[in-house]
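# Sequence first, predicted model second:
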Amino acid sequence: MIKTLKEWGFPQAYQNIFPDFIPARIIRAHRQKYEVASPAGLFQADLAGKLMFLADDPSELPQVGDWVAIQPLDDTHAYIMERYERRAVLSRAKVGGFGSEQVLAAHVDLAIIVQSMDQNYNLNRLERYLVQIRACEIQPAILLTKSDLCTPEELAQKLQEVQQIAGEARVLQYSLFQEDLNPILDLLPAAQTAVVVGSSGVGKSSLVNRLLGQEIMETSAISHSNQKGRHTTSHRELVQLSNGAFLIDTPGTREFGLSQSGEALEMTFEEIAELADSCKFRGCSHQHEPGCAVQEALEDGRLEWRRWESYQKLQREQEHFAMDKVNRRKKDKALGKMYRAIQGESRKRKGRS
Ligand SMILES: Nc1nc2c(ncn2[C@@H]2O[C@H](COP(=O)(O)OP(=O)(O)OP(=O)(O)O)[C@@H](O)[C@H]2O)c(=O)[nH]1
Ligand SMILES: [Mg+2]
Ligand SMILES: [Zn+2]
């Protein structure tokens, strides 16, 4: 429960924005049922009508991690009256969403990408997470779990491969049997918020429980990770560790679609961006042009084919998302126009009768 707002990282600048209500943080969200923590205690909360109607996009609705202003109804129930403006938001492309995004968590400082060192281990997928997280302007870190399932040689190799693609992101290993949690706790300063993301079964909730020192999150009885089977965690949830840091557990993601662009792709594939700078032609597509530094580096092995293919795939995906977004906006606009025209027509008719 919130003791002081400062300990919870409530931004100073928000202090006098909604003076009639109590500030609270969303700790659980399931469809439009919320649980919030506030200096006045924990509440089950519903959205006030205004918030529901004003949201022209579901991503505007409060999500786990959001700061909101509440009006208690009694000791256990409240209405969410307002949502404070968001700092960093972790989002992804909505599956089949035609260029729309889904917000996974709000006011996030760090995103820990969890991958287990069994069949879940996949560098392309790590790169996808890195790009999207960086595009959201959130600091990424990588945690390789289930290190007990690897031989020491495999472990060393995987750590090295991941270090190579991680850039400035911290890379850590973890196993349920590991005693020392300090390297992970070092990532999590008091009052900061980290979200754990990754496929189902990689051990996200087990880790959160370990860090809490309590079995709060439900975890799977089967220890192998899967991407197709049932998810154990069904909703996102925010908890506070005894060191004062916040952690958001999330259900395993099957698809972590790219929804943003910007510098994140170049940041994640630095060697490709550097090579592209020395191509002979500006605007080189790195396919068949003479003097293409990328093609040369691929031929002499300085650039890995896997990296190049992964980069191209993510780039295409970003472009598709941007295009879908433009098309969806156009369609929405056209629909809005049609709707207004129909309304105008019916008003005219009413005026006549
Ligand atoms: N061998 C081994 N098993 C682990 C480790 N960490 C977690 N597990 C097991 O992996 C299984 C899945 O763990 P969960 O924590 O439920 O996975 P999750 O990532 O939260 O999965 P979802 O909630 O479905 O997204 C459980 O049976 C854990 O006991 C580890 O370090 N080593
Ligand atoms: Mg879980
Ligand atoms: Zn080129």
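Received, thanks. Ligands and ions are numbered 1, 2, ... in the order given.
# What lies in contact with the lengthiest strand in the chain?
Taking DSSP state E as the criterion, the chain has its longest strand at strand 22-30. For strand 22-30, contacts defined as Cβ atoms under 8 Å, 6 or more residues apart in numbering pick out 2, 5, 8, 10, 14, 34-40, 42-43, 45, 62-72, 78, 80, 84, 106, 234-239. In this view, the C-beta of every residue, glycine as well, is placed from N, C-alpha and C.
# do the same with stretch 310-321
By Cβ under 8 Å, 6+ apart, the surrounding residues in contact with stretch 310-321 are 93, 99, 123-124, 127-128, 131, 257-261, 265, 269, 272.
# Quick one: residues contacting the residue of the stretch 1-150 of the chain found nearest ligand 2.
Residue nearest to ligand 2 within the stretch 1-150 of the chain: residue 114 (9.7 Å; Cβ to the ion). Neighbour list for residue 114: 143, 145, 196, 197, 198, 202, 203, 204, 207 [criterion: Cβ under 8 Å, 6+ apart].
# quick check: angle from the helix or strand following the longest strand of the chain to strand 22-30?
Counting by DSSP states H and E, the next helix or strand C-terminal to strand 22-30 is strand 33-38. For strand 33-38 against strand 22-30, the angle by axes from the mean of the first three to the mean of the last three Cα atoms, to 10 degrees is 150 degrees.
# and the helix or strand just after strand 33-38, which strands flank it?
Scanning forward in sequence from strand 33-38 by DSSP H and E, the next helix or strand is strand 41-47. When sheet partners are counted by DSSP bridges, strand 41-47 sits next to strand 33-38 (antiparallel), strand 77-83 (parallel).
# Distance check, the closest residue to ligand 1 within the stretch 251-353 of the chain against residue 12.
Ranked by Cβ to the nearest ligand atom, the top residue of the stretch 251-353 of the chain for proximity to ligand 1 is residue 252, at 2.9 Å. From residue 252 over to residue 12 the distance is 36 Å, taken as Cβ to Cβ, to the nearest Å.
# Then residue 306?
46 Å.
# likewise residue 218?
Counting by Cβ to Cβ, the gap from residue 218 to residue 12 is 36 Å.
# Neighbour count for those two, which is higher?
Applying other Cβ atoms under 10 Å to residue 218 and residue 12 shows that residue 218 carries more neighbours, namely 12 against 7.
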